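**Student:** Sequence first, predicted model second:
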Amino acid sequence: MSPHILLIMTLSLFMGTLITISSSHWLLAWMGLEISTFAILPLMTQKYHPRAMEATTKYFLVQTAAATMLLFASISNAWLTGQWEIQQMNHPIPLMMITIALALKLGLAPMHAWFPEIIQGLTLSTGLILSTWQKLAPFSLILQLPNANSTLLIVFGLLSILMGGWGGLNQTQLRKILGYSSVAHLGWMILIVQFMPSLAFLAFMTYIILTFSMFFTFLFTQSTTINMVSTAWPKNPVTSAITPLTLLSLAGLPPLTGFLPKWMILSELTKQGLTLAATMAALSALLSLYFYLRLSYAMTLTMAPNNLPAILPWRINFRYSTMPLAISTTMALCLLPLSPTILALFSF
């Protein structure tokens, strides 16, 4: 791809998301979502391959269906109530339709099946954009919606945590595992978004840090399957030793950074009297813990084959700077002691 076209597409991607985040009118928000959707399509097809073209086509169809439903619901709300403001979505039927459309855009269960399939057909760098930046705009719209559909959001959240853990159990492709991990983490955010939006945003920022670290790790070790991860030790032993800690942080185990949002979300759900929902979420998270431990086992407790055809290089040449990986991994492991400061910053 031409560098000029790449620059235009990247700027359009950022501009579309920023338009959606800064808008209070449904038409402007819809326009920003469309700009960011069309901007990422050329990035998804950089690696011209039938699998990438299939993933791009699926992504276009899913996002178009969600945007059409969102536009129809916002027009219906304007027709019924005379309001175009995002925070004035008062009629229950358009509100439910817009919640479903945004859940489809985010990849929440039970509308999640497209996300792991699409991310499997992309490169790791494009999959990182799809897992983090592309979720920011619809998530900001969910933060602005009125809290009139609490039952629907709780059902979406619990289903996402369950299906995100369940779907990743039998996977061997790392991109699909990270896709199901994304579904599970989004479930935690949606579960708490109506009670404490600042905590949901904190969980989203923590998810971005952890996902960034994992994608860059697999990018540097040039791994796309569990078998390739198990042979990464001779190539990069330091990264292979630290990565299981990042995986355990994704699982939400103390004393790592990923424990902070889950700890606070369970505490807040208990304060709201939703003890059953908190218990179901905590138990469903054990499914995700299983495949994180499976990856950790493959990286650290298995030996690469040492027969003659399978001799591996003792190092690999990095094409990217290692500074982003170092910063994100440090943040993924060491932010829990700073939790009072972080919570104070996000409570404004």
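**Tutor:** Done, it's in.
**Student:** Name the nearest residue to Ser12, sequence neighbours excluded.
**Tutor:** Nearest residue to Ser12, sequence neighbours excluded (Cβ to Cβ, 6 or more residues apart in numbering): Ala39, at 3.7 Å. Glycine gets a C-beta too; all of them are placed from N, C-alpha and C.
**Student:** doesn't Ile19 make contact with that neighbour?
**Tutor:** No - with contact defined as Cβ atoms under 8 Å, Ala39 does not reach Ile19; the gap is 11.4 Å.
**Student:** any residues in contact with both of those two?
**Tutor:** By Cβ atoms under 8 Å, 6 or more residues apart in numbering, Ala39 and Ile19 have no common neighbours.
**Student:** Give the full set of residues in contact with the residue nearest to Ser12.
**Tutor:** Contacts for Ala39 (Cβ under 8 Å, 6+ apart) come out as Met9, Thr10, Ser12, Leu13, Gly16.
**Student:** how much space between the fourth one and Leu6?
**Tutor:** This points to Leu13. Going from Leu13 to Leu6 by Cβ to Cβ, to the nearest Å gives 11 Å.
**Student:** These two - which one has more neighbours?
**Tutor:** A count of neighbours by other Cβ atoms under 10 Å puts Leu13 above the other of Leu13 and Leu6, at 21 against 13.
**Student:** Let me know the helix or strand that that one is in.
**Tutor:** Element membership for Leu13 (DSSP states H and E) is helix 3-22.
**Student:** List the buried residues in the helix or strand following that helix.
**Tutor:** Next in sequence after helix 3-22, counting helices and strands by DSSP H and E, comes helix 26-44. Buried residues in helix 26-44, counted by 16 or more other Cβ atoms under 10 Å: 26, 29-37, 39-40, 42-44.
**Student:** State the distance from Ala66 to Lys135.
**Tutor:** From Ala66 over to Lys135 (counting by Cβ to Cβ), the distance is 13 Å.
**Student:** so where is the stretch 201-348 of the chain shaky, pLDDT-wise?
**Tutor:** 303-320, 347-348 (pLDDT under 70).
**Student:** And the helices in it?
**Tutor:** Under the criterion DSSP state H, counting those that start in this stretch, the stretch 201-348 of the chain contains helices at 226-230, 237-251, 259-271, 275-300, 323-334, 339-346.
**Student:** Please apply the same query to the stretch 51-200 of the chain.
**Tutor:** 92-106, 114-120, 124-131, 136-144, 150-167, 174-192, 197-221.
**Student:** Would you mind giving the ones you listed as TSV with distance to Lys58 added?
**Tutor:** As requested, the helices of the stretch 51-200 of the chain are exported to TSV (distance: least, Cβ to Cβ, whole Å):
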stretch	distance to Lys58
helix 92-106	13
helix 114-120	5
helix 124-131	12
helix 136-144	17
helix 150-167	17
helix 174-192	13
helix 197-221	20
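**Student:** Looking at those, which one is packed in the most?
**Tutor:** Of those, the one with the most neighbours on average (mean count of other Cβ atoms under 10 Å) is helix 174-192, at a mean of 26.
**Student:** and that one, how far from the chain's centre?
**Tutor:** 6 Å (Cα atoms, centre = their mean, to the nearest Å).
**Student:** Tabulate the CA atom coordinates of that helix in PDB.
**Tutor:** Taking Å, rounded to 0.1, in the frame of the first residue of the first chain, the C-alpha atoms of helix 174-192 are listed here in PDB:
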ATOM      1  CA  LEU A 174      -3.800 -17.400  19.000                       C
ATOM      2  CA  ARG A 175      -5.800 -14.800  17.200                       C
ATOM      3  CA  LYS A 176      -9.100 -16.700  17.900                       C
ATOM      4  CA  ILE A 177      -8.100 -17.000  21.500                       C
ATOM      5  CA  LEU A 178      -7.500 -13.300  21.800                       C
ATOM      6  CA  GLY A 179     -10.800 -12.700  20.000                       C
ATOM      7  CA  TYR A 180     -12.700 -14.800  22.600                       C
ATOM      8  CA  SER A 181     -10.700 -13.100  25.400                       C
ATOM      9  CA  SER A 182     -11.900  -9.700  24.000                       C
ATOM     10  CA  VAL A 183     -15.500 -10.900  24.100                       C
ATOM     11  CA  ALA A 184     -15.100 -12.000  27.800                       C
ATOM     12  CA  HIS A 185     -13.500  -8.700  28.800                       C
ATOM     13  CA  LEU A 186     -16.200  -6.600  27.100                       C
ATOM     14  CA  GLY A 187     -18.700  -8.600  29.100                       C
ATOM     15  CA  TRP A 188     -17.200  -7.300  32.400                       C
ATOM     16  CA  MET A 189     -17.300  -3.700  31.100                       C
ATOM     17  CA  ILE A 190     -21.000  -4.000  30.000                       C
ATOM     18  CA  LEU A 191     -21.900  -5.600  33.300                       C
ATOM     19  CA  ILE A 192     -20.900  -2.500  35.200                       C
END
